[in-house]
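Chemist: Model the following, please.
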Amino acid sequence: RLAIQWRRFLPYSPYRRHSMKTIELLLERCILLSRWLLVPLYLALIAILILFAIKAYQEVIHLFAIIATITETDLVLAALALVDLALVANLLVMVVLSSYETFVSNLDVREGQEKPSWLGKIDAATIKIKLAVAIVAISSIHLLKAFMTTPPQDGDQPLWNNQLFWLVIIHMTFALSALL
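Modeler: A predicted model of the protein is given here:
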């Protein structure tokens, strides 16, 4: 009996291989189940999407209240803010749906139920590309807002000390990184 217990500690014993296989299976199951830890992050993104919708409605209601007193520039800036919200909201929907289906579980869609045509065709690399393009678009909107709201600058201020200069540099960095 003592000899059988001693064999468990030998490097190549069948007992050791069985226990190592059990540990390996438990580790693999734990790693596979860890993908469900992403779900709370997706739920948080959905909550942010709800907040974006509320903010958009607030902005539209506010615009209706002040439409008689605002300038065209202010109206364009408000429209750009709404476009910006819509771009980010679209990005959130795309990330939540495609990431859930890619990393957690397939979405079970019944017959006749709506399903975006792109769903199931987007992988992690495509999400990264769409994210980069959305960041460039959002950066473009912010740059346009800055151009429209920045007061004229003094002629003696160096170019690198100008806020618009740095916004253009940042935007070009985003655009270049989206191309690469």
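Chemist: any chance you could map the strands in the protein?
Modeler: Secondary structure of the chain (DSSP state E): no strands located.
Chemist: Now do the contacts for residue 88.
Modeler: By C-beta atoms under 8 Å, 6 or more residues apart in numbering, the residues touching residue 88 are 52, 134, 138. No exception for glycine: its C-beta is placed from N, CA and C like everyone else's.
Chemist: Of those residues, grab the buried ones for ChimeraX.
Modeler: Filtering the contacts of residue 88 down to the buried ones (16 or more other C-beta atoms under 10 Å) takes a single ChimeraX command:
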select :134,138
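Chemist: how about a markdown table for the contacts of residue 88, with pLDDT and distance to residue 24 added?
Modeler: As requested, those are exported to a markdown table (pLDDT from 0 to 100; distance: C-beta to C-beta, whole Å):
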| residue | pLDDT | distance to residue 24 |
| --- | --- | --- |
| 52 | 93 | 44 |
| 134 | 84 | 41 |
| 138 | 86 | 45 |
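Chemist: which among the contacts of residue 88 gets closest to residue 178?
Modeler: Closest to residue 178 out of the contacts of residue 88 is residue 134 (9.2 Å), distances taken as C-beta to C-beta.
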